[in-house]
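> Structure for this input, please:
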Amino acid sequence: MYFFIQVNLFLREAGVGVETIECEYSPGQIELGTEPTEGIKAADDIIIIKQALRETASKFGFYATFMPKPLLKWLA
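Numbering: from 1, shown residues only. Next comes the predicted model:
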């Protein structure tokens, strides 16, 4: 749970509006929902989100990937 708090703080400081962060079905899979944005801001937010997840995961000893289904035996 502390991981999600850190991600949320990182994104809010970077100006990304986070609406939800939820666990999905597979182990370690999360869904992150943002506030609606347009154009270049939306593209920038995606890059910032990926960087936030990578950096926070690294601090916790995890590795962030962005594959929807990394193993065939897991649910998507």
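> For Ile46, give me its contacts.
Contact criterion CB atoms under 8 Å, 6 or more residues apart in numbering gives no residues in contact with Ile46. Placement of C-beta: from N, CA and C, glycine included.
> Quick check: Phe62 vs Ile30, distance?
Applying CB to CB, to the nearest Å, one obtains 11 Å for the distance of Phe62 from Ile30.
> Helices along this structure, start to end?
2-13, 39-59 (DSSP state H).
> Those: which one's closest to Lys73?
Relative to Lys73, the nearest member of the helices of the chain by CB to CB is helix 39-59, separated by 22.2 Å.
> Just the mean pLDDT for that closest one, thanks.
Taken as a whole, helix 39-59 has a mean pLDDT of 94.
> Quick one, which of the helices of the chain gets closest to Phe66.
Taking CB to CB as the criterion, helix 39-59 is the member of those that comes nearest to Phe66, at 6.6 Å.
> Relative to Phe62, how far out is Pro27?
Per CB to CB, Pro27 is found 11 Å from Phe62.
> Look at those two and report which has more neighbours.
When neighbours are counted by other CB atoms under 10 Å, Pro27 and Phe62 differ, and Phe62 comes out ahead with 13 against 10.
> Next up, phi/psi of that one, please.
Backbone torsions of Phe62, given as degrees, to the nearest 10, read phi -110, psi 170.
> Tell me the pLDDT of it.
According to the model's per-residue confidence, Phe62 sits at a pLDDT of 90.
> what's it in contact with, if anything?
Shown here is Phe62, whose contacts under the criterion CB under 8 Å, 6+ apart are Phe3, Gly28.
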